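Peer 1: sequence and predicted structure, then a few things I'm wondering about:
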Amino acid sequence: MQTILGAGGGAGTEITRELSNYTKKIRVVSRNPQKVNETDQLMKADLTDRLQLDEAVKGSEIVYVTIAFPYSIKVWRELWPTFMRNLIDICSKYKTKIVFLDNVYMYDPKYLSNMTEKTSMNPISKKGMVRMEIARMLMDAIEKNIVEAIIARAPDFYGPDVTTSMLYQTVYLKLMNDKNPQWLGKLDVIHSFIFSKDIGKAVALLGNTSDVYNQIWHLPATENKLTNRQWVELMMSAMNKHKKIQTMPDWMINLVGMFMPILKELQDVGYQFRQDYFFNSSKFNKKFNFTPILPENGIKEMVNA
């Protein structure tokens, strides 16, 4: 049995789909689970409740943690550390392996221009502090042989079912409504994105490869060093829209944030959009001979979904 904790959304759905290439015993767990594969077993659960988390993990060889708690620093501080402690305890009890889908908020901003698995953790954001805390909890449990686990890190997502990304919220939706796309931060700095289907393929592959556990792995983001402007231009080209790209000053972010809360919360990690941000996944690509989707193809698939 392989179990998805926090199923649904762009990443969770793609991981569930890809796991069907390895097993037909897949348990899909969330508050409102939906089948992706015909043989999926559905379980409704509040994974912040220790007893319900225990039931979700029980009988699982591997759990894939794709939970996305509400994007609020207050919620993250309240829920993430407790969840991670419970997860480690329960997985240790059942000898269940963990594949934890992580982000890059904990990395030192000085080294965002070439992030690798060895980049030091030194966050300057509040959300980054939380992510560092839970990553250290899991790494400590690995080092003490309490659990077997993989930390699978990814930069910003994009793809057919990813509706919370900057590319979707401030570019795609604006263009759909025949408005100018907007961007938070600088346009002419490099920014890495990862295609949701590449996340699914890579995470399922990691989970089912025995010699890659107890390590950090960068998932296969685009190898092309595109700027924010180039990403927006790819979207406009795919949608056959030709608009002026607007950048949002802080006062505009505060104003728009009243109606689009994710923008307000993104300010905490806004430094990532104001400097070069390149996510190096060469370790994964070399190990598995993997080639990430080309950005123009990924954008076209997102637009045509």
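Peer 2: That came through, no problem.

Peer 1: so where do the strands sit in the stretch 1-150 of the chain?
Peer 2: 2-5, 26-30, 41-44, 62-65, 97-102, 149-153 (DSSP state E, counting those that start in this stretch).

Peer 1: for S113, find the nearest of these.
Peer 2: strand 149-153 (16.2 Å; C-beta to C-beta). Where C-beta positions appear, they are placed from N, C-alpha and C, glycine not excepted.

Peer 1: that closest one - contacts with which helices or strands?
Peer 2: strand 97-102, helix 126-143, helix 196-207, strand 215-218 (3 or more C-beta pairs under 8 Å, 6 or more residues apart in numbering; DSSP states H and E).

Peer 1: using CSV, write out every CA atom in stretch 87-100.
Peer 2: Output of stretch 87-100 as CSV, limited to C-alpha atoms (Å, rounded to 0.1, in the frame of the first residue of the first chain):
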residue,chain,number,x,y,z
LEU,A,87,4.0,12.0,11.2
ILE,A,88,7.5,10.9,12.3
ASP,A,89,6.2,9.1,15.4
ILE,A,90,3.5,7.3,13.5
CYS,A,91,5.7,6.3,10.6
SER,A,92,8.3,5.1,13.0
LYS,A,93,5.7,2.9,14.7
TYR,A,94,4.5,1.3,11.5
LYS,A,95,8.0,1.2,9.7
THR,A,96,6.5,3.4,7.0
LYS,A,97,8.8,5.3,4.6
ILE,A,98,8.2,9.0,4.1
VAL,A,99,8.5,11.0,0.9
PHE,A,100,8.0,14.6,1.9
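
Peer 1: can you tell me what sits against it?
Peer 2: 5, 50, 53-54, 57-65, 137-138, 141, 146-152, 203, 206-207, 213 (C-beta atoms under 8 Å, 6 or more residues apart in numbering).

Peer 1: of those, buried ones?
Peer 2: 5, 53, 57, 60, 62-65, 137-138, 141, 147-152, 203, 206-207, 213 (16 or more other C-beta atoms under 10 Å).

Peer 1: residues touching I245, list them.
Peer 2: 180-183, 187, 229, 232-233.

Peer 1: in strands, which of these appear?
Peer 2: 182-183 (DSSP state E).

Peer 1: so can I have TSV of the contacts of I245 showing neighbour count, distance to K44 and pLDDT?
Peer 2: Formatted as TSV, the contacts of I245 follow (neighbours: other C-beta atoms under 10 Å; distance: C-beta to C-beta, whole Å; pLDDT from 0 to 100):
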residue	neighbour count	distance to K44	pLDDT
N180	12	42	95
P181	22	38	94
Q182	20	37	88
W183	20	38	89
L187	17	43	94
R229	16	43	96
V232	25	39	96
E233	17	43	96
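
Peer 1: same list, the contacts of I245, but as JSON lines with distance to F273 please.
Peer 2: Below are the contacts of I245 laid out as JSON lines (distance: C-beta to C-beta, whole Å):
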{"residue": "N180", "distance to F273": "18"}
{"residue": "P181", "distance to F273": "14"}
{"residue": "Q182", "distance to F273": "12"}
{"residue": "W183", "distance to F273": "7"}
{"residue": "L187", "distance to F273": "10"}
{"residue": "R229", "distance to F273": "12"}
{"residue": "V232", "distance to F273": "12"}
{"residue": "E233", "distance to F273": "16"}
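
Peer 1: go through the contacts of I245 and name the one nearest I194.
Peer 2: V232 (17.1 Å).

Peer 1: related to what we said a few turns ago, and E133, which of the strands of the stretch 1-150 of the chain is closest to it?
Peer 2: Across those, closest to E133 is strand 97-102 (C-beta to C-beta), at 12.1 Å.

Peer 1: relative to helix 126-143, how tilted is that closest one?
Peer 2: 160 degrees (axes from the mean of the first three to the mean of the last three C-alpha atoms, to 10 degrees).

Peer 1: list the buried ones in strand 97-102?
Peer 2: 97-102.

Peer 1: what's M139 in contact with, if anything?
Peer 2: 151, 216.

Peer 1: cool, thanks, signing off.
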